[in-house]
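Engineer: this one's sequence-less:
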């Protein structure tokens, strides 16, 4: 920032080199207030912006009497020409973007813990989460308990989603060589016994199983006959490891409930449901139901 001001301006009201403003409009208001106190008017002279982002990189505010108006070519035809209002005054305020600082508003202190780079489940919290999980506490209860121990969510350092993702990742790491392998052997055995049996798994970014879908020959046959109207049940029982069972249901010609497919979904992310429905349709020869009921 550079300025040129008359020498008779009171020092306590004078802008100084190195003064910082949060935005260019705030700088304008400050200089305009300075002009009011010292009896002169200001105007905006120029502004430079970054072509890619549109962010103001520099601009200049000047005294209203800055510059000299060019000679009016119509003077000879004007009986009462306007009086000259500019006299080349050099009072001005120039501001330049400090590129070492942010060009946006910062987060409020109360929301800092929500920023991705600040969210982390510390080792001490991980131990407490494991203990709460093994004790049978639900996710909501466990998260609230941890927040109370540190006097509020702001001091916890991670969100409820981070809490859930930690359990999810731990669960599937534990399954990698245990239950996951058992499920794989079971599905492969079923497939060998009945080629119409089908199953699919969804993997996460670390190539670990996250969701599982399966159907057998009877389910496929029932869907071909009674699949015009189906119910997708999302209220099925959930085991202690937070693995909810989801089923596709329908009614046969005797008004008896029939199952069209089952799934174990560890989370309820949109991507998981998209994967499940696409897999279901692919398995059912892309036959779409006319009506779907869900809770």
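Structural biologist: Looks like it arrived, so ask away. Computed from a prediction, not measured in an experiment: that's the story for all the values here.

Engineer: so for stretch 125-137, what's the average pLDDT?
Structural biologist: Average pLDDT, stretch 125-137: 82.

Engineer: Just the buried residues of that stretch, please?
Structural biologist: Within stretch 125-137, the residues that count as buried by 16 or more other C-beta atoms under 10 Å are 125, 129, 132, 133. No exception for glycine: its C-beta is placed from N, CA and C like everyone else's.

Engineer: Tell me the gap between that stretch and the middle of its chain.
Structural biologist: 27 Å (C-alpha atoms, centre = their mean, to the nearest Å).

Engineer: Ok, stretch 145-163 next?
Structural biologist: Averaging C-alpha positions (C-alpha atoms, centre = their mean) puts stretch 145-163 19 Å from its chain's average.

Engineer: do the same with stretch 218-227
Structural biologist: So, by C-alpha atoms, centre = their mean, the centroid of stretch 218-227 is 41 Å from its chain's centroid.

Engineer: Stretch 40-58 now?
Structural biologist: 31 Å.

Engineer: for stretch 286-295, same thing?
Structural biologist: 31 Å.

Engineer: what's the model's confidence in it, averaged?
Structural biologist: On average, stretch 286-295 scores 89.

Engineer: same thing with stretch 252-259?
Structural biologist: 92.

Engineer: ok, and for that stretch, which residues are buried?
Structural biologist: 258, 259.

Engineer: Over to stretch 31-41?
Structural biologist: For stretch 31-41, by 16+ other C-beta under 10 Å, it's 31, 34, 35, 40.

Engineer: Quick check on residue 291: phi, psi?
Structural biologist: phi -140, psi 140 (degrees, to the nearest 10).

Engineer: ok, back up a step: wait, which of the buried residues of stretch 31-41 is closest to residue 210?
Structural biologist: residue 31 (57.7 Å; C-beta to C-beta).

Engineer: can the buried residues of stretch 31-41 go into a markdown table with extra columns for pLDDT and distance to residue 151?
Structural biologist: Compiled in a markdown table, the buried residues of stretch 31-41 are given as follows (pLDDT from 0 to 100; distance: C-beta to C-beta, whole Å):
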| residue | pLDDT | distance to residue 151 |
| --- | --- | --- |
| 31 | 88 | 44 |
| 34 | 88 | 45 |
| 35 | 86 | 49 |
| 40 | 88 | 53 |
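
Engineer: Helices of this protein, residue ranges please.
Structural biologist: All helices of the chain, identified by DSSP state H, fall at 24-37, 123-134, 139-149, 160-175, 179-193, 217-226, 270-283.

Engineer: Select, out of those, the one closest to residue 255.
Structural biologist: helix 217-226 (10.4 Å).

Engineer: Need the contact partners of the closest one.
Structural biologist: Residues from elsewhere that reach helix 217-226 (C-beta atoms under 8 Å, 6 or more residues apart in numbering): 194, 196-198, 230, 248, 250-253, 258-261, 283-284, 287.

Engineer: How about stretch 288-295?
Structural biologist: The contact list for stretch 288-295 (C-beta under 8 Å, 6+ apart) reads 227, 228, 229, 230, 231, 232, 233, 234, 235, 281.

Engineer: can you redo the helices of the chain as a markdown table with distance to residue 295?
Structural biologist: Formatted as a markdown table, the helices of the chain follow (distance: least, C-beta to C-beta, whole Å):
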| stretch | distance to residue 295 |
| --- | --- |
| helix 24-37 | 51 |
| helix 123-134 | 26 |
| helix 139-149 | 19 |
| helix 160-175 | 21 |
| helix 179-193 | 26 |
| helix 217-226 | 20 |
| helix 270-283 | 13 |
